[in-house]
Structure formats: structure tokens, C-alpha cells
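J.: fold the following and give me the result.
(one chain, ligands or ions: 1)
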Amino acid sequence: MEDYRAKAVNPQQYDSPELDWRIDGDEDAYWRIFFRNHLKPYLNNLAGKRVLDIGSGVGQLFNMLKGLGASEIVGIDPSKRNVESSQKTHPDVVVLQKSLQQFDMDIKFDVAICIMVFEHIPDIDVALSRVSQLLNEKGRFYLIVGDMECFIQSIPGAEVDAQPLPEGGYATKTIRPNGTMFDIFRPLENYITSAQFNGLKLVDEKGLVSTSEQHKSMDGKPICHLLVLEK
Ligand SMILES: C[S@@+](CC[C@H](N)C(=O)[O-])C[C@H]1O[C@@H](n2cnc3c(N)ncnc32)[C@H](O)[C@@H]1O
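T.: Down below sits the predicted model:
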């Protein structure tokens, strides 16, 4: 049987020929604008702040972060293709080809952001502990994850098959026009509990509701969640 979990946590998934993130991850793509529109009001002024974008994809956040005045931006992503693409469009940003697990730079950040990446993280306790170590005191972590109920069902343009996981949650295979993706979706509570255990206090939580025809079946329920966590 195809092991969806193993494929979801493969750091090279986004370099496979079937999945080209340069289309969906583009700054002007509908869902990237959706995420930035929800995130921006929480970020305020980033003047003087050092910002880490975990799983930066092709750099959809970089222009917004520059516009908000971030003094330093570091992006990390294990995909060679995504890193090369973002380095080309943003030569002024440091983008390293590393997963969160591999990232060992000895500096701390005021802000860390992670959009739709924990779906590829094998152990969220280890990852959230690492994020906590990377933040300055009072540093903030903005985490966006997909809603489990939403992402384990097929919707127009996304055919989903889900495998339940022994530890809870699901690993999914999603066939979409721009490629097949493998992800892990967990109950939101798991993220909140693990974050708190690792010294990250929940200061805000927002359900991201989609008005797109594609998500009609969600009936106004959130398709993703933004957690604002503070060290
Ligand atoms: C769904 S894309 C989101 C990219 C970007 N955050 C955005 O909103 O466009 C997921 C990204 O996470 C990266 N990724 C996968 N495993 C990772 C890991 N362990 N640590 C950091 N990034 C990872 C992938 O290479 C991919 O670029």
C-alpha cells in the first residue's frame, strides 16, 4: 500500500516532477493572496525585526515582509527548485536549502512564520521545541495549518484519499490540476497543546474562512487556522 505519511514528510517532495510549486506558490496565486491577507493585520510594523520564514516556498511572503519594514529576512526550505526560484526573484533575501529539522544557524528571531508546512513535519513536538529555541523572548510565531476536516475530503479540483494515523490525524494524497501532494492533517488541539508544552503561549487564534466556490461544502467553517504564539 502507498504510504502517504512517508511521502508527506519526504523533504524532497517539492522537487518531484509531478509537483511544481512555482505555480501554486507564486505571490499572485489566489491562495497565497488569501493567506497574506489574513496574516498581514497581525504582523503590524516589522521595523528592526529579524524574521524567519519556515518553508518559504518560492518566496511569496518576502515582498510583504520587506514592505512592513523587516530589517532582516531569512527563508528556509528543503526544496532545491523552490530555493533557486526564490533566490532568483529575491537576491536580497537569505534563502537556505534546509528543512526546519536541519536548520542550525546560531541566531535568534523576533518573528517566525510558517504557512502550510507543518503538514510535512514528522514530529510536531520536536519542531515546535526548535521554533521556540529560535525565538527571542517575547518573539512571535505565526503558524497557519490546514483544517483537518476540510482537507480530508474531496472538493472540486482536489481529489483526496486519507489514511488514518495511529497517533491521530490523517495522511492524505491529493490529486490536483497542478500536481499530486501528500500531507498530514492533525487536530488543531494537537498544535496548541504541543506549542504550550514547548513554551509558546497562544495569544490569538483565527479560523480562515474561504468564500471560494471550491469550499462551498465547508458551509462557512474555517479551511485553515492561524495560531499566534508568543515565547
Ligand atoms: C505548501 S508549500 C508552502 C510554501 C509557502 N509557505 C507558501 O505559503 O507558499 C510547503 C513548503 O514546505 C516545504 N517543506 C517541506 N518539508 C519541510 C520541512 N521539514 N521544513 C521546512 N520546510 C519544509 C516544502 O518544500 C514547500 O516549499
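
J.: rest of the way, CA atoms for contacts and neighbours
T.: Will do.

J.: any low-confidence regions in this structure?
T.: For the chain, not a single residue meets the criterion pLDDT under 70.

J.: what strands line up against the longest strand along the chain, and which way round?
T.: Identified as the longest strand of the chain according to DSSP state E is strand 135-146. Sheet pairing here is set by DSSP bridges, and for strand 135-146 it gives strand 109-115 (parallel), strand 224-230 (antiparallel).

J.: what's the longest helix along the chain in contact with?
T.: As assigned by DSSP state H, the longest helix anywhere in the chain is helix 30-43. For helix 30-43, the external contacting residues (Cα atoms under 8 Å, 6 or more residues apart in numbering) are Asp24, Gly25, Asp26, Glu27, Gln60, Leu61, Ile115, Leu208, Leu226.

J.: enumerate the residues of the protein near the ligand.
T.: 11, 14, 25, 54-57, 60, 77-79, 99-100, 114-117, 120-121 (Cα under 6 Å from any ligand atom).

J.: restricted to strands, list those residues.
T.: Ile54, Cys114, Ile115.

J.: a markdown table for those, including neighbour count?
T.: Shown next, in a markdown table, are those (neighbours: other Cα atoms under 10 Å):
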| residue | neighbour count |
| --- | --- |
| Ile54 | 24 |
| Cys114 | 17 |
| Ile115 | 24 |
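
J.: and of the residues you listed, the nearest to Arg130?
T.: Ile54 (11.5 Å; Cα to Cα).

J.: show me what contacts the closest one?
T.: Applying Cα under 8 Å, 6+ apart, we find Ile54 in contact with Gly75, Ile76, Asp77, Leu100, Ala112, Ile113, Cys114, Ile115, Val117.

J.: change it to 7 Å
T.: Neighbour list for Ile54: Gly75, Ile76, Asp77, Leu100, Ile113, Cys114 [criterion: Cα atoms under 7 Å, 6 or more residues apart in numbering].

J.: then Phe118?
T.: Val145.

J.: and what of Gly168?
T.: Contacts of Gly168 by Cα under 7 Å, 6+ apart are Arg186.

J.: same check, this time on Val51
T.: Contacts of Val51 by Cα under 7 Å, 6+ apart are Ala70, Glu72, Ile73, Val74, Phe109, Asp110, Val111, Ala112.

J.: list phi and psi for it.
T.: Main-chain torsions, Val51, degrees, to the nearest 10: phi -120, psi 140.

J.: do you know how far it is from the ligand?
T.: Relative to the ligand, Val51 is positioned 14 Å away (Cα to the nearest ligand atom, to the nearest Å).

J.: returning to what we had before: give me the contacts around the longest strand of the chain.
T.: Contacts of strand 135-146 (Cα under 7 Å, 6+ apart): 108-116, 118, 185, 223-231.
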